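In: Return atomic coordinates for the entry below.
(2 chains)
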Amino acid sequence: QVQLVQSGSELKKPGASVKLSCKASGYTFTRYPIHWVRQAPGQGLEWMGCINTNTGNPIYAQAFTGRFVFSLDTSVSTTYLQISSLKAEDTAIYYCAREIDTDGGDSWGQGTLVTVSS
Amino acid sequence: QSALTQPPSASGSPGQSVTISCTGTSSDVGGYNYVSWFQQHPGKAPKLMIYEVSKRPSGVPDRFSGSKSGNTASLTVSGLQAEDEADYYCASYAGGSNVFGTGTRVTVL
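Out: Residues are numbered from 1 along each chain as shown, chains lettered A, B, ... in the order given. The predicted model follows:
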């Protein structure tokens, strides 16, 4: 079955960097883009952007340009989100999600909690 | 890209219906038939309930239905059940990007 498995929780100090992973299985990895979604504590969902898993081309939402970088390694069906110069306001759960297909199939990772605190 | 506007809360008794609105612009909701609805229970990842305005993925009960008129999309949950109590988010394609709604907490009284 289609599954996305994300890396574990991270605790980082302000100014540090973090790289999250999202490993896909159960389908052809390069067929569907992967989206990243942020959810701050007690807040709603924010679309951060997506990466074309066939070409590697990323698209970033306006609020997520500069410190946020999507990348991928097709050899292990894995997408990455790197966040640099971490701030307290980056504290959130970060989800990866596969693009919805024509039959309504999609998949979400379990989420990775990133806590930024001194 | 501004978030789509949803009411903060909605409620209904078991067996009743509740409808949640999702208002955007002609650049997102009104411009494309790519509106999705997600259900999120506390501590869980979102779950797709409706895609392409009104289509239901396999396994989603037919109590859930979606529609769109102009710049506003709607999700209706008929025959409310206790397990429908959750947060609901709409999302829309916006021409090269995507945007979520502000979220609605549905309470089953």
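
In: Backbone dihedrals for A:F64, please?
Out: Phi and psi for A:F64, reported as degrees, to the nearest 10, are phi -130, psi 40.

In: Let's see the pLDDT reported for the closest residue to it other than its chain neighbours.
Out: With Cβ to Cβ, 6 or more residues apart in numbering or on different chains as the measure, A:M48 is the residue that lies nearest to A:F64, at 4.5 Å, once sequence neighbours are left out. Backbone N, C-alpha and C define where each C-beta goes, glycine included. Confidence at A:M48, expressed as pLDDT, is 98.

In: so what's A:M48 up against?
Out: A:M48 makes contact with A:H35, A:W36, A:V37, A:R38, A:Y60, A:A61, A:A63, A:F64, A:F68, A:L81, A:Y94, according to Cβ atoms under 8 Å, 6 or more residues apart in numbering or on different chains.

In: One more: B:K47?
Out: B:K47 makes contact with A:W108, B:F38, B:Q39, B:Q40, according to Cβ under 8 Å, 6+ apart.

In: Filter the residues you listed down to the buried ones and hand me the ChimeraX line.
Out: In ChimeraX, selecting the buried portion of the contacts of B:K47, with burial taken from 16 or more other Cβ atoms under 10 Å in any protein chain shown, looks like this:
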select /A:108 /B:38,39,40
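
In: Tell me how far B:S69 lies from chain A.
Out: The gap separating B:S69 from chain A is 22 Å, by Cβ to the nearest Cβ, to the nearest Å.

In: Would you mind giving the secondary structure of the residue lying closest to A:T78 once chain neighbours are set aside?
Out: If you skip the residues right next to it in sequence, A:T78 has A:K23 as its closest partner in space, 4.7 Å away by Cβ to Cβ, 6+ apart. Reducing the assignment to helix, strand or coil with DSSP: H, G, I helix; E, B strand; the rest coil, the entry for A:K23 is strand.

In: ok, A:K23 - how many residues close by?
Out: The number of residues packed around A:K23, counting by other Cβ atoms under 10 Å in any protein chain shown, is 17.

In: go on, A:T55?
Out: Burial of A:T55 is recorded as 10 neighbouring residues (other Cβ under 10 Å).

In: and if you look at A:Q62?
Out: Residues lying near A:Q62 (other Cβ under 10 Å) number 8.

In: model confidence over the helix or strand hosting A:Q82, on average?
Out: Counting by DSSP states H and E, the element that carries A:Q82 is strand A:78-83. Mean pLDDT, computed over strand A:78-83, is 98.

In: Tell me which strands that strand pairs with, and in which orientation.
Out: The strands beside strand A:78-83 in its sheet (DSSP bridges) come out as strand A:18-25 (antiparallel), strand A:68-73 (antiparallel).

In: What are the buried residues along it?
Out: Using 16+ other Cβ under 10 Å as the burial criterion, the residues of strand A:78-83 that qualify are A:T78, A:T79, A:Y80, A:L81, A:I83.
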